[in-house]
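Participant: model the structure of this input:
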Amino acid sequence: MANFLEGVSYGVLNDILSEFHSNEGYALPSRYEVLLYPPPAGRGKSLGSLFANLGSSNKESKSVSLRCEKCQLPGTTISSSPDTNIYGPTREIAESVLFAGSTTMDFQASSDLRERVFFEKWQQKCYNPETWNIGYYSDYIGSIDVYLLDINNQRRFGIKLHEVWPKTIAATDVSGAKASDIIKISVTFQFRKMTTLDSDNQPPSLADKIAQTVNNAVERNVTRNIPAVLRKLPW
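Facilitator: The predicted structure follows:
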């Protein structure tokens, strides 16, 4: 019989219940937020066209983002190969990082299928519909943020997908189904890489920037009113 230094298991019932009822709780798959950032409407066009479409583009993107019914948090894989240059049992060594490469999201459709039109316009940035020439890569890539929320609707975890573009817009089925069913727009996005989002690498909010500016101004005013002799004294 094996003897352990700690005879009592870690996951006793009281510990599990206290974790469940704490502010941390558990992550719920139904509490999430998706933010779509397609390429700017004026990319590749004149500066005037860019500012003319900026407001409507942001509003449309936010509206479509709110209709995301299902999404995924893509995984990562490290490719490896056997290291045979050793004696004894072989071992696997890392070669490169591999991301999923694609992810699928489902969106609830409006009566005019504006969500489908939104992604079709994004796809059309990949090519010229008149000449069929393929566009520049930088002209049709965007990004997507996916956040997990807690019970207070606070962001607790997030990922950012980089260099995203809609590769496939699935066919839209219509039928004589019951009237309560909603048409779903399924879109498969291609992406190059992803990064984890947290409070440490998020840019400061506007309120934080204003507060920091005020603090800096107060500090400068206080320092200015201190005699130069006192400012040189060690504290």
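
Participant: could I get the full set of helices for the protein?
Facilitator: 13-21, 47-66, 114-123, 137-140, 206-224, 228-231 (DSSP state H).

Participant: what's the mean pLDDT across the fourth one?
Facilitator: In other words, helix 137-140. Averaging pLDDT along helix 137-140 gives 94.

Participant: quick one: low-confidence parts of this structure?
Facilitator: 1-24, 41-57, 199-235 (pLDDT under 70).

Participant: mind redoing it with 90?
Facilitator: The chain contains residues with pLDDT under 90 at 1-29, 40-60, 74-77, 79, 83-92, 95-101, 129, 150-154, 172-182, 197-235.

Participant: tell me where it has strands.
Facilitator: With strands called from DSSP state E, the chain shows them at 32-37, 68-70, 76-83, 91-99, 102-108, 142-149, 155-169, 184-190, 193-197.

Participant: which of these sits closest to residue 58?
Facilitator: The closest of the strands of the chain to residue 58 is strand 32-37. By CB to CB, the value is 9.3 Å. Quick note: C-beta positions are derived from backbone N, CA and C, even for glycine.

Participant: what angle do that closest one and strand 102-108 make?
Facilitator: 100 degrees (axes from the mean of the first three to the mean of the last three CA atoms, to 10 degrees).

Participant: going forward can the numbers begin at 12, since that is how I track them
Facilitator: Sure, I'll start numbering at 12, so the last one becomes strand 43-48.

Participant: give the other helices and strands that strand 43-48 contacts.
Facilitator: If contacts are counted by 3 or more CB pairs under 8 Å, 6 or more residues apart in numbering; DSSP states H and E, strand 43-48 sits against helix 58-77, strand 153-160.

Participant: who are the packing partners of the shortest one?
Facilitator: In this structure, strand 153-160 packs against strand 43-48, strand 166-180, with contacts taken as 3+ CB pairs under 8 Å, 6+ apart.

Participant: to residue 100, which of these lies closest?
Facilitator: With CB to CB as the measure, strand 166-180 is the member of the helices and strands packed on strand 153-160 nearest residue 100 (35.6 Å).

Participant: show me what the residue lying closest to residue 43 once chain neighbours are set aside is bridged to.
Facilitator: Of all residues not flanking residue 43 in the chain, residue 159 sits nearest, at 5.7 Å (CB to CB, 6 or more residues apart in numbering). Residue 159 has these beta-bridge partners by DSSP bridges: residue 43, residue 168.

Participant: what is the burial count for residue 159?
Facilitator: 17 (other CB atoms under 10 Å).
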